[in-house]
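Student: Sequence first, predicted coordinates after that:
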Amino acid sequence: MGMVNLKISYVLWHYKTGMADLARAWKDILIFVINFFSLPHLFATLATPYRRLSEKGGSGFNPRELLSRLFVNTVMRIVGFVIRLVIITIGVFAVLIVLTLAPLLFIFWLAAPLLILVLFLFGIALTLFF
């Protein structure tokens with residue numbers, strides 16, 4: 001009687017508690033990937049200069065200095081935009097990988113007890129016939 005109760009307890013755990021834990025773990029991994037690449041922060045600061053490098057204005061009006069500052073600040077914003085865009089692209093790709101692999105993991109989790117039983121019976125059959 002104890003063995004039957006153990007099997008029922010395992011099946012209940014596997015398909016109830018185990019599935020809930022798996023879903024929570026998947027959500028945590030997704031949040032980790034989003035925070036690892038700082039995607040919300042990168043989207044918010046997409047147009048800021050690279051490492052906040054910029055030229056500050058001096059006193060007085062000097063057209064040559066003004067054009068130099070404008071050029072340097074524009075280049076730094078373009079560099080920052082390109083670098084952030086590359087990191088955002090890699091981060092979105094990583095999020096898509098996590099989103100793609102999650103259903104496969106759930107399918108494997110659902111099929112694992114049956115797969116274990118089938119492989120066990122296949123192993124017994126191999127030992128009997130060979």
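Tutor: Happy to help now that I have it.
Student: quick one: low-confidence ranges for this structure?
Tutor: Where the chain drops to pLDDT under 70, the residues are 1, 51-60.
Student: Please report how far the most centrally placed residue in the chain lies from I107.
Tutor: In the chain, the C-alpha nearest the mean C-alpha coordinate belongs to V33, at 3.2 Å (C-alpha atoms, centre = their mean). Counting by C-beta to C-beta, to the nearest Å, the gap from V33 to I107 is 21 Å. To be clear about C-beta, it is placed using only N, CA and C from the backbone, and glycine gets the same treatment.
Student: Also F37?
Tutor: As for F37, its distance to I107 is 27 Å (criterion: C-beta to C-beta).
Student: again with L115
Tutor: Noted for L115: a distance of 11 Å to I107, by C-beta to C-beta.
Student: try L121
Tutor: Taken as C-beta to C-beta, the spacing of L121 relative to I107 amounts to 21 Å.
Student: got it, and V82?
Tutor: Per C-beta to C-beta, V82 is found 39 Å from I107.
Student: could you say what helices and strands the helix or strand that contains A112 packs with?
Tutor: Under DSSP states H and E, the secondary-structure element containing A112 is helix 63-129. Using 3 or more C-beta pairs under 8 Å, 6 or more residues apart in numbering; DSSP states H and E as the contact criterion, the neighbours of helix 63-129 among helices and strands are helix 18-36, helix 39-44.
Student: correct me, but A94 touches V33?
Tutor: Yes - judged on C-beta atoms under 8 Å, A94 makes contact with V33 at a distance of 5.1 Å.
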